[in-house]
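K.L.:
Structure for this input, please:
(2 chains)
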2 protein chains.
Amino acid sequence: MLKVPLHQVAGHQASGGQLGPLIDDSGRFYKPLQSDERGSSEVAFYTSFSSNTRIPDHICRFFPVFYGTQLLEASDGSGLHPHLVLQDLVSGRLNPSIMDIKIGSRTWPPESSDDYMQKCLKKDRESTSLPLGFRVSGLQIYGSKESGFWKPEKKLIKNFSAEDVKLVLRKFVSSNASTDSDSELDCSFASVIYGGSTGILAQLLELKAWFEDQTIFHFYSCSVLLVYEKELVLKGRSSGAEVKLIDFAHVVEGRDVIDHNFLGGLCSLIKFVSEILTTPGEYTMKDSEKNLFSSDNGINE
Amino acid sequence: MLKVPLHQVAGHQASGGQLGPLIDDSGRFYKPLQSDERGSSEVAFYTSFSSNTRIPDHICRFFPVFYGTQLLEASDGSGLHPHLVLQDLVSGRLNPSIMDIKIGSRTWPPESSDDYMQKCLKKDRESTSLPLGFRVSGLQIYGSKESGFWKPEKKLIKNFSAEDVKLVLRKFVSSNASTDSDSELDCSFASVIYGGSTGILAQLLELKAWFEDQTIFHFYSCSVLLVYEKELVLKGRSSGAEVKLIDFAHVVEGRDVIDHNFLGGLCSLIKFVSEILTTPGEYTMKDSEKNLFSSDNGINE
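P.N.:
Just a heads-up that it's a prediction; the model follows:
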């Protein structure tokens, strides 16, 4: 029995009769192929990636497992539609906190048409992609049974400034994330989620080392997904912090050149995360930012 | 007595009555301030950089020493004109081989006007900046007393493809660089010039480590200069291989973000240089590339 994923934070969503991804109970994620070349590009990437013997195992684990494609009833009722069959990255998680971060100051490949380039460039300039080398494209932070998730609306996320991004990266690992905006974010989970030998920073650095060397693929408009479970952290168990890469509709061949655009953005994100680990308590919200983080803007599910 | 520099490979040149930089015999380089905001930007950068106590000494040595500004007779005979007074980076060198490499896939700062952005973007797309993250903007390779320098024309360099760039980086460290184009480049100086604990790769890696951390400046449209002396290499002495940074008319404040654009391009250049060290003999010129490297295109001085 296929159903709409509960924990999707970005991209097209199947709820409300739209075309979007579905999941099953066995841990698979069915992503409808986009009808233009993006669909075939993403299939081509997964096919090429999963058969490429030059990708080391410790890198493969950053990517969803690919089970091929399948014709399925589309979520919008339009009949049979081809879907990518992928690993459901949050299968088995109860209340995952998730951040979707689109990496790269440029989201368009060099060979793009003028129209496509200008369209993407506009988004890159209007978001933090250009100044920071990445932008947040989706976000949910689990608070508690009572408060549920803080999941800001797409429109709000789209307008995140550099300061907002800095703040949500702190909020993501704060125990008081769901309380009123005028409190200081405590970043009390930072050392467990971002830090440590298996934490998010260590995983990002592992990815970085690969990107300094690999010249097989260039990942335009691809996202890094950060995931962890607050309840595990509170129980003093491993946080289940994971870094995953998703969205490969704009991956192109590397042609013996490293993906300097992705690498630059990744290094920028790494620097932001490192700063939180070295100065977890330093940051206090400015008055001008308080509105953004008031509960009015969140959806409590 | 001021004179026109012999070993300038890129930028405006003072020869032929144009406005361009001058040098003296004491090792100083006089660069005319550009009359628009680029001039004041570059002065502002040098002033800020040379007074910034957070720049470690081992990084300062990559930058020309700054001696202030001075009113001088301009090289175009137009009268007194303000000049930056800088260290002449090739002072004391007899026959330096030099490569000027503009770093970054994007040569314009995020805050650029639409016009300036589109102008730079066009150049970035038409050159290797976009695909490689850097482009060669000037070049001279010393051959011998007889053959002099191979110094391709600006127009030729402007049209360098990714393959051409790969090739000149090999040619730069080949003993047979000035011979006919159909020979295989031997890269016989690679281990001395690019390799070793004081070679160009080691210096680029030192710069990279700083760029992974520094959030003070963003260096748009800035160049890395690679310099060495072939005659020293042939005598079995230290090659005098040096990496320098030049051209700071488009440096902007970092605002707590790393310069992911420069860093990405630098990592790409590092990968190219590393590949030459690991496979010095692997590359043979393709027929299609032979024309580019025939002596017709070079100026023998």
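K.L.:
ok, the residue of chain A found nearest chain B to residue A:86 distance?
P.N.:
Of all residues in chain A, residue A:264 sits closest to chain B, at 3.0 Å by Cβ to the nearest Cβ. In this view, the C-beta of every residue, glycine as well, is placed from N, C-alpha and C. Computed with Cβ to Cβ, to the nearest Å, the distance linking residue A:264 and residue A:86 is 27 Å.
K.L.:
now do residue A:236
P.N.:
Taking Cβ to Cβ, one finds residue A:236 at 32 Å from residue A:86.
K.L.:
These two: which is more packed in?
P.N.:
Ranked by neighbour count (other Cβ atoms under 10 Å in any protein chain shown), residue A:236 and residue A:86 place residue A:86 first, with 22 against 8.
K.L.:
Residue A:58 and residue A:242, how far apart?
P.N.:
Counting by Cβ to Cβ, the gap from residue A:58 to residue A:242 is 13 Å.
K.L.:
shaky segments in chain A?
P.N.:
A:178-183, A:282-301 (pLDDT under 70).
K.L.:
How about the residues of it by chain B?
P.N.:
A:105-106, A:110, A:121, A:125, A:130-133, A:162, A:166, A:212-213, A:215, A:255-258, A:260-261, A:263-265, A:267-268, A:270-271, A:275 (Cβ under 8 Å from any Cβ of the partner chain).
K.L.:
and residue A:168, that's in a strand?
P.N.:
No - assessed with DSSP: H, G, I helix; E, B strand; the rest coil, residue A:168 is helix; it does not lie in a strand.
K.L.:
wait, it sits on residue A:160?
P.N.:
Yes - taking contacts as Cβ atoms under 8 Å, residue A:168 lies within contact range of residue A:160: 7.2 Å.
K.L.:
Just list whatever residues bridge to the nearest residue to residue A:65 once chain neighbours are set aside.
P.N.:
Spatially, and ignoring its direct neighbours in sequence, residue A:65 is nearest to residue A:87 (3.9 Å; Cβ to Cβ, 6 or more residues apart in numbering or on different chains). With DSSP bridges as the criterion, residue A:87 is bridged to residue A:28.
K.L.:
what about residue A:87, how many residues close to it?
P.N.:
Residue A:87 has 14 neighbouring residues, counting by other Cβ under 10 Å.
K.L.:
Please list all residues in contact with it.
P.N.:
A:27-29, A:64-67 (Cβ atoms under 8 Å, 6 or more residues apart in numbering or on different chains).
K.L.:
if you set the cut-off to 10 Å instead, what comes out?
P.N.:
Contacts here follow Cβ atoms under 10 Å, 6 or more residues apart in numbering or on different chains; on that basis residue A:87 touches A:27-29, A:63-67, A:244.
K.L.:
with those in mind, which one is nearest to residue A:20?
P.N.:
Minimum distance to residue A:20 across the contacts of residue A:87 is 11.1 Å, recorded for residue A:29 (Cβ to Cβ).
K.L.:
quick one, phi/psi of the nearest residue to that closest one once chain neighbours are set aside?
P.N.:
Excluding the flanking residues, the one nearest residue A:29 by Cβ to Cβ, 6+ apart is residue A:88, at 4.0 Å. Main-chain dihedrals, residue A:88, degrees, to the nearest 10: phi -80, psi 110.
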